[in-house]
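Q: Provided below for reference: sequence and predicted model.
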Amino acid sequence: MSIPANRQLRPAPATIATLLYAPDSRYAARLASTLAPHVAVRWDGSRNTGITQLLGTTPRDWHVLLLDFSRPHAQLSADLARQLLLQDPGLALVAVGSLAEDGADCVLSAMRAGVRDFVNIDASVPEILSVLRKSMADATSVLHVRPAPTPAPKGRTVVLMGVRAGVGCSTLAVHLATLIATVDRRGSGRQSAAGLGHERPRLLVLDLGIPVADSALYLGLHCDFDCDSVLANAERFDATLARTMLSRHASGAEVLTRNPQHPAALPDEARFGTLLDRLGHIYQGIVCDLGGLLPEQVSPTLLARADEIWLVTDQSVSALIALDQAVDHLDRLGLRDERVQLVVNRHDERAGVTAQQIAKRFELPLLAILPERTSTLRATASQGLLLQDRHPRDTYIKAAQPLLARLFKPAPTSAIARHANRRSGQGLLGRLPWMRK
């Protein structure tokens, strides 16, 4: 990076000077009492203060400008934010609101106005300081430093394609995402499973399946922030917003679902690709649940960019017919490669056809065989629990270990090159719509 000689970076100040522009001072008083002595808060409630007065001349007497996005003042702050960012795109601008009082509306208003950073007034002091410091660092990089090339996404995306509704795809997705934390608590096998030393990996369940939000239901979570909202602001979605807005299970796994009010809404493929890139920079592992979707309803961009594609089936005739259709669809898209593997769920040796016979019939690598544990899974779910909470040594948990290890398995060099080519130019796939049912 190069820094112009007349605009050298200055070290971060010991005390962050902030200016809160808002019609009333309630947030100013609360922030001042909470954040002292780390942050100095000054309030400007004058409606006569214009953009010129707010921006002033350089150097300014504040480091970060705060705008009140609580429900009564959100529209005023949004209009002002757009004007400020048009005048100074590198401005250290932070929205302030209360998730407890206003829910996700305050964050959505800020994002739509172009504000990248949001402070939840109810958050802890370290969390608020982290947002303020990030905003200062981002503003400095925009104004004074030539931006570095965008790094490739680091996260590993595993797609679970349930070949038909009811094969246990969503159940498997939530258990995989939360089992990482179980391994961590036991203190064994973590290095081999996650490959991340002593750092707990950040995991996301991206639930795009039908019925909508099954994963959140199994995890006992209520999701106010859905995939539609994120897609509308994909370019501004970052780790701070994800940590603030997405619902988080006690294991640490986070969940992003489709909008239950608009289950048939389909994303634009280009924006969806942008979102996948953003998520790949935030999470070390992404478990994408596509249970209940027909193959034609699955985003081609998602399939092209996935690190692994697991076809989840059981031994029923209807599931095997659906498996044939899924394999045929991947063939037609040219996406049936070494990433595509088979997971046979609810396996029963007495059911006739075996998992090995299914794999041979469809010429698929057999990744895992999960035993029939429907009654036990249902019993734990009825208590609001996951299987490992009550039965950590259950045969289902043991059989899922090979899947758990692959969630963080490094891709071979050839696969990395292949995915880089797909991300840089999608060709026909990048123009295909995410088809409706």
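A: Yep, that arrived. Numbering: from 1, shown residues only.
Q: burial of Gly334, as a residue count?
A: Neighbour count for Gly334, taken as other Cβ atoms under 10 Å: 11. (Each C-beta comes from the backbone N, C-alpha and C, glycine too.)
Q: from now on call the first residue 804
A: Understood, numbering begins at 804; the last thing we discussed is Gly1137.
Q: quick check: domain ranges of the chain?
A: With domains defined by automatic domain parsing, the chain comprises 819-947, 959-1234.
Q: any chance of those in JSON lines, plus mean pLDDT?
A: Below are the domains of the chain laid out as JSON lines (pLDDT from 0 to 100):
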{"stretch": "domain 819-947", "mean pLDDT": "84"}
{"stretch": "domain 959-1234", "mean pLDDT": "82"}
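Q: Break down the chain into its strands, ranges please.
A: 819-824, 842-847, 867-871, 896-900, 920-923, 959-965, 1006-1010, 1050-1051, 1057-1060, 1088-1092, 1111-1116, 1143-1150, 1169-1174 (DSSP state E).
Q: okay, the ones you listed in JSON lines with distance to Ala1125 and mean neighbour count next?
A: JSON lines is the format used below for these (distance: least, Cβ to Cβ, whole Å; neighbours: other Cβ atoms under 10 Å):
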{"stretch": "strand 819-824", "distance to Ala1125": "56", "mean neighbour count": "21"}
{"stretch": "strand 842-847", "distance to Ala1125": "56", "mean neighbour count": "18"}
{"stretch": "strand 867-871", "distance to Ala1125": "51", "mean neighbour count": "25"}
{"stretch": "strand 896-900", "distance to Ala1125": "45", "mean neighbour count": "26"}
{"stretch": "strand 920-923", "distance to Ala1125": "42", "mean neighbour count": "24"}
{"stretch": "strand 959-965", "distance to Ala1125": "9", "mean neighbour count": "25"}
{"stretch": "strand 1006-1010", "distance to Ala1125": "20", "mean neighbour count": "27"}
{"stretch": "strand 1050-1051", "distance to Ala1125": "30", "mean neighbour count": "16"}
{"stretch": "strand 1057-1060", "distance to Ala1125": "23", "mean neighbour count": "26"}
{"stretch": "strand 1088-1092", "distance to Ala1125": "16", "mean neighbour count": "26"}
{"stretch": "strand 1111-1116", "distance to Ala1125": "7", "mean neighbour count": "25"}
{"stretch": "strand 1143-1150", "distance to Ala1125": "13", "mean neighbour count": "23"}
{"stretch": "strand 1169-1174", "distance to Ala1125": "17", "mean neighbour count": "19"}
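Q: now the end-to-end length of stretch 823-835.
A: Start to finish, the residues bounding stretch 823-835 are 11 Å apart (Cα to Cα, to the nearest Å).
Q: I'd say Val1015 and Gln1064 touch.
A: No - between Val1015 and Gln1064 there is no contact under Cβ atoms under 8 Å: 9.1 Å.
Q: Comparing those two, which shows the higher neighbour count?
A: Val1015 (22 against 9).
Q: how about that one, what does it touch?
A: 1060-1063, 1066 (Cβ atoms under 8 Å, 6 or more residues apart in numbering).
Q: what two of the residues you listed are the furthest from one another?
A: Among the contacts of Val1015, the pair separated by the greatest distance (Cβ to Cβ) is Thr1060 and Pro1066, at 10.2 Å.
Q: most residues in a single helix of the chain, which one?
A: helix 928-947 (DSSP state H).
Q: coming back round to it: top of the contacts of Val1015 by neighbour count?
A: Thr1060 (25 neighbours).
Q: how much space between that residue and Val1146?
A: 22 Å (Cβ to Cβ, to the nearest Å).
Q: do the same with Val1033
A: 28 Å.
Q: Of all the residues in the longest helix of the chain, which ones are buried?
A: Buried residues in helix 928-947, counted by 16 or more other Cβ atoms under 10 Å: 931-939, 941-943, 947.
Q: Now the residue nearest the centre of the chain: closest residue in space that isn't a chain neighbour?
A: With distances taken as Cα atoms, centre = their mean, Leu1082 lies nearest the centre of the chain, 4.9 Å away. With Cβ to Cβ, 6 or more residues apart in numbering as the criterion, Leu1082 has its nearest non-adjacent residue at 5.8 Å, and that residue is Ile1089.
Q: what's near enough to touch that neighbour?
A: 958-961, 1006-1007, 1009, 1082-1083 are the contacts of Ile1089 under Cβ under 8 Å, 6+ apart.
Q: Tell me where the stretch 1054-1203 of the chain has helices.
A: Remark: helices assigned in the stretch 1054-1203 of the chain by DSSP state H, counting those that start in this stretch are 1072-1085, 1103-1108, 1120-1136, 1158-1165, 1177-1184, 1190-1193, 1198-1202.
Q: Minimum distance to Ala895: which of those helices has it?
A: Nearest of the helices of the stretch 1054-1203 of the chain (Cβ to Cβ): helix 1072-1085, 21.1 Å.
Q: I'd like to know which elements that closest one is packed against.
A: Packing partners of helix 1072-1085 (3 or more Cβ pairs under 8 Å, 6 or more residues apart in numbering; DSSP states H and E): strand 959-965, strand 1006-1010, helix 1030-1035, helix 1042-1048, helix 1103-1108.
Q: hang on, the earlier thing: from Gly958, how far out is the residue nearest to Leu1082?
A: Ile1089 is 6 Å from Gly958, by Cβ to Cβ.
Q: intersection of neighbour lists for the two?
A: 1082-1083.
Q: ok so, going back, how far is the longest helix of the chain from where the chain is centred?
A: Centre-to-centre, helix 928-947 and its host chain are 21 Å apart (Cα atoms, centre = their mean, to the nearest Å).
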